[in-house]
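A.B. asks: only the shape, not the letters, is given here:
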């Protein structure tokens, strides 16, 4: 069934041009396609769809996670581009600056211009 199908994250944004600039310029993703009220970006082998919606930023949970090799370097690079990291009180996670550490992984959260929560994770 669906376990063999590729899946594509769909992220709602209010201003498609602003979101595109953020995802391309700040995060380094590349636009692969434009369609009606949306665009398809590429991150590694993953396609990510951004689409215009009045409900953008209403999700209070992580919408998208980037798997990285060096979380400390990624946090520094993103901060250099003006990205601010979110700080949460998460049981089982020990804060280490903008990173949170637990057995087997490090993670950090930040938001896109519409308030969608994005994260990065480095697994041991």
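C.D. replies: All right, it came through fine. Fair warning: this is a prediction, and the values are worked out from it, not measured in the lab. Numbering: from 1, shown residues only.

A.B. asks: buried ones in the longest helix anywhere in the chain, by neighbour count?
C.D. replies: In the chain, with assignment by DSSP state H, the single longest helix is helix 71-80. For helix 71-80, burial by neighbour count (16 or more other C-beta atoms under 10 Å) applies to 71, 74, 75, 78. For glycine as for every other residue, the C-beta is placed from the backbone atoms N, C-alpha and C.

A.B. asks: wait, the second one sits on residue 120?
C.D. replies: This means residue 74. Yes - if you go by C-beta atoms under 8 Å, residue 74 and residue 120 touch, sitting 5.4 Å apart.

A.B. asks: just checking, next helix/strand downstream of the longest helix of the chain?
C.D. replies: strand 85-86 (DSSP states H and E).

A.B. asks: which residues are in contact with residue 110?
C.D. replies: 78, 83, 84, 85, 86, 117, 118, 119 (C-beta atoms under 8 Å, 6 or more residues apart in numbering).

A.B. asks: quick one: which of those residues is nearest to residue 97?
C.D. replies: Using C-beta to C-beta, residue 85 is the member of the contacts of residue 110 that sits closest to residue 97, with 8.4 Å.

A.B. asks: tell me what that closest one is bridged to.
C.D. replies: Beta-bridge partners for residue 85, by DSSP bridges, are residue 110.

A.B. asks: contacting residues around it?
C.D. replies: 75, 78, 79, 98, 108, 109, 110.
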